[in-house]
Structures are given as C-alpha cells and as structure tokens.
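Engineer: When you get a sec, could you give me coordinates for this:
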Amino acid sequence: MLKTFLKINLSGLLLGLLFYLVTSFAADQYFIQKALNMSDEAFSTMCGFFYLVIFLFITAIVPIISYKWLNGSWWSMILAILWFPYSVLTIFIRSLLPPLFEYSGTDFGLGLLVMFLIFAYPIYILILSLVGTSLKKAAISKV
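Structural biologist: All right, here's what the predicted structure looks like:
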C-alpha cells in the first residue's frame, strides 16, 4: 500500500512539474526570446516543438503510469486531481527564488490560457488514465 501511495504521489509530482513547466514557459516566452536573441520565426518554431514534445510525453507517460506502476487500478484516476497541489507547490517554491526576468505589465491572454489549461488538463489526464486502466483490463481478460 505504501508503494502505491508513493507511486501515485510521484506521478502527481511529475504531472504538476510538467504543468508548471508549460505555463512558466508560456509566461516567459518574450524574455526567453530576448535572452536567446532569436528571431520571431525561429523562436515560434522552437516553442511549437517544445509544446509538442511535452504533449507527446504526457500522452505517453500517463497510460504507462496507469498500466505499469499502478497495475491498471482505479487509483490512477486520482492523478486527475493530484497534479494540482504539486503544481501549486512548485509555483510557491519558485516564487521564493529571485525573479529571472524583470516583468512589468499584464498579459490577460496568458491568464485565459492558464485558466483553460487548469480546466482541460485534469480531463486530459483522466482520459489517459482510463486508457491505461482499460489496457490493463484488456490484457488481463486475454489471459
């Protein structure tokens, strides 16, 4: 039981860190572009590639976690909720560090994007957890 508890929490931590990584990259895109001294076209290509890699990684890792680590149990559904506290904890720890960039102004579009991600991310995780659980159930029924 303790192993399952640790696996669930490590999975939630991983998903929370990935959510933080995507949102912080989206928030700091302008400053990262200035720091790397890249053209708009090259940087937007790099951003698209970055988001695609993270999306594919999450798409691959959540069913694997549900199938292998959590043995297709329904405990994998809790990942749809557990990513949020770890994401908030990561944001809090990052806020204790000095800022990397001087930011002045508001970006309402980013706030709308983050709100959309907060609602869509758990649904996406839940669907992928169901895929991993159904794969395990199908593998058991074939045996």
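Engineer: ok, and for whichever helix in the chain runs longest, which residues are buried?
Structural biologist: Among the segments of the chain that qualify as a helix by DSSP state H, the longest is helix 108-142. Across helix 108-142, burial judged by 16 or more other C-beta atoms under 10 Å covers Tyr121, Pro122, Ile125, Leu126, Leu128, Ser129, Leu130, Gly132, Thr133, Lys136. Just so you know, the C-beta spots here come from the backbone N, C-alpha and C atoms, and that holds for glycine as well.
Engineer: Just the element for the closest residue to the second one other than its chain neighbours, please.
Structural biologist: Put plainly, it is Pro122. Ranked by C-beta to C-beta, 6 or more residues apart in numbering and with sequence neighbours excluded, the top spatial neighbour of Pro122 is Ala80, at 4.2 Å. Per DSSP states H and E, Ala80 falls inside helix 79-96.
Engineer: and that helix, which residues are buried?
Structural biologist: The neighbour-count check on helix 79-96 (16+ other C-beta under 10 Å) flags Leu79, Ala80, Leu82, Trp83, Phe84, Tyr86, Ser87, Thr90 as buried.
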